[in-house]
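**Q** what follows is a predicted protein model with its sequence.
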Amino acid sequence: MSFSDVDAELTEARRRLFAILLRRLRQLHWSQQPPASFYIGQPYVEDKDTVECMIGANFIFPGVVPPFEFWKNGARIIGTQHQNVLVVRIYRRISRKLWDDLKYLKQGERFIVAYLASYMPRINRTLIDNRYDQGHLLSRTFAIFEATKICVIVHSELVWINWPIAFAAFPPSAAIASKADALFARDLIDAMGSYFRGEFDDCIRRLITSTENFIETKGWNVRTIPNGWMRNLLCLKPRRDWFSFRQSLKRNLKRTTISGEVIYENMRVIYSTRNKIVHAGFRMSTSSALFCSKAIGTVYYLIYRYSGNRTISRYVYTLHMQFKLQCDAFGEYDLDQIKKLFGTSRPETPVIDSNEALERAMFSSLRYTERDKHSISH
């Protein structure tokens, strides 16, 4: 037997042994006892050992954009174009445990996607600026699910991320979509699409359009003067008075409940923001994702609780469920943000021991804070 044959057999034996060790490692990983308490991303947030890496992604881009570069959360993001491909490279440090899990266990890929997703609003703002500053009709924006060839490189080692992923139609939504084809529901769907593309201005505009169509469908925007003897007594002519957007909500929401109170307060903020966008040239900050997510949740609850139509309510419920599932898949778990929330001390969570406590917790978290309002302009 030649030395080359011996080397080939030895290499194959090592490969088989390494494969066995990896299988055993994965088995041990999944057989661990669950901890007493845990938050998503905890092993990586609390890992003090980090490695320098490059996260790369491609986007098929029909226009031409000049090279760009910016910094965010200690990361350097560079965009360059090669023919019809926009290449984005992110230079930053990540948890060594995350890197090891990517290499050996194929775990933690969603956190890499989340890192990329956290920079997409800023990247999209650059592309929108290119559209209007250059009058470039093809300078479009991207959603995270349009990224291709996502990879992580540490030194000379490269790991490919399983991306993009594809979603079939959401069965609960698809089953009743044809029976709930209301214009305001379509507007809500379009607003969710704008959110995923990081087009926050458009998301807010579409949410107000959805609300206005809902108010009109419900007849909340008109008051009918009574007919017959009452009209004759008051010497009034038959007419219909159009209520303003805020008046329509104020008169019809159950503001004595926390749900009605929060929906009303949030809608006032959303409506004012939309007016600034449409009439004052206001542009929302690239850090407005949480603001828009709460706006989508607010309009969802408005339609769900006040439509008076079980099919419509069920439909928007499934749309919002689908939206939250896709937010999870499309990079909602940004380790930088999780570290800010949990890195030093864990926030107190209320005890949910009744329907009232659940309602209070849901709508307290949906209510706009001063920080939320401040975030859209910075």
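**A** Looks like it arrived, so ask away.
**Q** show the pLDDT at A143.
**A** pLDDT, A143: 89.
**Q** ok, now how distant is it from I128?
**A** Here A143 is placed at a distance of 14 Å from I128 (C-beta to C-beta, to the nearest Å). Every C-beta, even on glycine, is put in place using the N, C-alpha and C of the backbone.
**Q** check T141 too.
**A** From T141 to I128 the distance is 6 Å (C-beta to C-beta).
**Q** now do the shared contacts for these two.
**A** Between them, T141 and I128 share these contacting residues under C-beta atoms under 8 Å, 6 or more residues apart in numbering: E199.
**Q** measure the spatially most central residue of the chain to S210 for me?
**A** What sits nearest the mean C-alpha location of the chain, by C-alpha atoms, centre = their mean, is C327, with 4.5 Å. Counting by C-beta to C-beta, the gap from C327 to S210 is 18 Å.
**Q** how about G281?
**A** G281 is 23 Å from S210, by C-beta to C-beta.
**Q** cool, and Q134?
**A** In terms of C-beta to C-beta, Q134 sits 32 Å off from S210.
**Q** neighbour count winner among those two?
**A** S210 (26 against 13; other C-beta atoms under 10 Å).
**Q** got the contact list for the nearest residue to that one once chain neighbours are set aside?
**A** Take S210 and drop its neighbours on the chain: the residue closest to it by C-beta to C-beta, 6 or more residues apart in numbering is D187, 3.4 Å away. By C-beta under 8 Å, 6+ apart, D187 lies in contact with R206, L207, T209, S210, N213.
**Q** please apply the same query to C151.
**A** I55, G56, A57, L158, V159, W160, I161.
**Q** which of the three states applies to the second one?
**A** Looking back up the chat, that one is G56. On the three-state scheme (DSSP: H, G, I helix; E, B strand; the rest coil), G56 is labelled strand.
**Q** go on, the fifth one?
**A** For V159, the secondary structure call by three-state DSSP comes out as strand.
**Q** what's near enough to touch it?
**A** L102, K103, C151, V152, I153.
**Q** please state the offset of the helix or strand hosting T318 from the chain centre?
**A** Using DSSP states H and E, T318 sits in helix 310-329. Relative to the chain's own centre, helix 310-329 is displaced by 13 Å; criterion: C-alpha atoms, centre = their mean, to the nearest Å.
**Q** CA atoms only for it - export them in CSV, please.
**A** Taking Å, rounded to 0.1, in the frame of the first residue of the first chain, the C-alpha atoms of helix 310-329 are listed here in CSV:
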residue,chain,number,x,y,z
ARG,A,310,-66.4,37.7,13.3
THR,A,311,-64.9,36.8,9.9
ILE,A,312,-63.1,40.1,9.6
SER,A,313,-61.9,39.9,13.2
ARG,A,314,-60.6,36.4,12.7
TYR,A,315,-58.9,37.4,9.4
VAL,A,316,-56.9,40.3,10.9
TYR,A,317,-56.1,38.1,13.9
THR,A,318,-54.5,35.6,11.6
LEU,A,319,-52.7,38.4,9.7
HIS,A,320,-51.2,39.7,12.9
MET,A,321,-50.2,36.2,14.0
GLN,A,322,-48.5,35.7,10.6
PHE,A,323,-46.8,39.1,11.0
LYS,A,324,-45.3,38.2,14.4
LEU,A,325,-44.1,34.8,13.2
GLN,A,326,-42.4,36.4,10.2
CYS,A,327,-40.8,39.1,12.4
ASP,A,328,-39.3,36.3,14.4
ALA,A,329,-38.0,34.6,11.3
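**Q** packing partners for the helix or strand that comes right after that helix?
**A** The helix or strand immediately downstream of helix 310-329 is helix 335-342, counting by DSSP H and E. Helix 335-342 sits against helix 42-45, helix 109-133, with contacts defined as 3 or more C-beta pairs under 8 Å, 6 or more residues apart in numbering; DSSP states H and E.
**Q** out of those, which is closest to Y264?
**A** helix 109-133 (28.1 Å; C-beta to C-beta).
**Q** how about that closest one: buried residues?
**A** 109-128, 130-131 (16 or more other C-beta atoms under 10 Å).
**Q** which element is the residue nearest to S210 on?
**A** Per DSSP H and E: helix 183-196 holds D187.
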